[in-house]
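> I would like the atomic coordinates for the input below:
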Amino acid sequence: MDSSSFLLIRGVIGVAIGILAFLWPGITIAVLVGVFGAYAIIDGITNVFLGLSRNAVNGRSWATTLQGVLGIVAGVLTFVWPAITGLVLVAFIGAWAIVTGVLEIAAAIRLRRVITGEWMLAVSGVLSVVCGVLIFAFPGAGAVAIAWILGAYAAASGMVLIALAIRLRTTVLA
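This next block holds a predicted model:
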C-alpha cells in the first residue's frame, strides 16, 4: 500500500465518523469517548506509518510521525480514563485537534517543495486548529454539540484528505 492509499483510508474513516456523529446527535459521553479514542488511534497509526515510510514523494517526516505518536497517546489515554469528566474531555479533544492541525500545517510546508496540492493538507490542518479553538471557546456545550463539532471536523478533514490522496496518486502516476 502506498501513501496515497493510507491518506484515502484516513479520509474515508474521517467522513464516516463525521456522518455517524450527525446521524446520532444524542450520543452519550461514553460513546463519544470511544469514537474519539478509536479515531485518534487509527489516525495515529496511519500517520506513524506515513511518517516512517520512505518513498519518492514524501520521504520520512518527523512532523507526521510525531502527529501519529501523539494521536495514539491521546487515543490510549482516552480508553485508560473512560470516566473522564465532560470538561476534561472537551479540553483533551480541543488540545488534540490543535496539535494535530499544527503538525499537519508543518507537514504541508515540508511537502510544498515536493508536490503541488500540498495546500490541501494545510487546509486540513487549519480545519483541525479551528475545531480545537471552537471546542475551547464553548466548553460548556453538551455532548450533542461536541459530537456535531467533531462530526463536522472529521467529515471536512476527511474530504480534504481524500482529495489530497487522489491528487497525490495522480501526481505519482503522472
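> please make it C-alpha for all contacts and neighbour counts, starting now.
Fine.
> in the helix ranked longest in the chain, what counts as buried?
Longest helix of the chain, by residue count under DSSP state H: helix 143-173. Buried residues in helix 143-173, defined by neighbour count with 16 or more other CA atoms under 10 Å: 143-169.
> what is that helix packed up against?
helix 3-23, helix 29-52, helix 119-137 (3 or more CA pairs under 8 Å, 6 or more residues apart in numbering; DSSP states H and E).
> let's see 7 Å
helix 3-23, helix 119-137 (3 or more CA pairs under 7 Å, 6 or more residues apart in numbering; DSSP states H and E).
> list the contacts of the last one.
What that stands for is helix 119-137. For helix 119-137, the external contacting residues (CA atoms under 7 Å, 6 or more residues apart in numbering) are 90-91, 94-95, 97-98, 100-102, 104-105, 108, 149, 153, 157, 160-161, 164.
> next, the angle helix 143-173 makes with it.
Orientation check (axes from the mean of the first three to the mean of the last three CA atoms, to 10 degrees): helix 119-137 against helix 143-173 gives 170 degrees.
> got the CA coordinates for helix 119-137 in CSV?
The C-alpha trace of helix 119-137 is given here as CSV (Å, rounded to 0.1, in the frame of the first residue of the first chain):
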residue,chain,number,x,y,z
TRP,A,119,-2.3,23.2,0.4
MET,A,120,-5.0,20.5,0.9
LEU,A,121,-3.0,19.1,3.8
ALA,A,122,-2.6,22.7,5.1
VAL,A,123,-6.4,23.2,4.9
SER,A,124,-6.9,20.0,6.8
GLY,A,125,-4.5,21.4,9.5
VAL,A,126,-6.3,24.8,9.6
LEU,A,127,-9.7,23.0,10.0
SER,A,128,-8.2,21.0,12.8
VAL,A,129,-6.9,24.1,14.6
VAL,A,130,-10.3,25.9,14.1
CYS,A,131,-12.1,22.9,15.5
GLY,A,132,-9.8,22.9,18.6
VAL,A,133,-10.3,26.6,19.1
LEU,A,134,-14.1,26.3,18.9
ILE,A,135,-14.1,23.4,21.4
PHE,A,136,-12.1,25.6,23.9
ALA,A,137,-14.3,28.6,23.2
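> now that helix: buried residues?
Counting neighbours by 16+ other CA under 10 Å, one finds that the buried residues in helix 119-137 are 119-133, 135-136.
> perfect, I'm done here.
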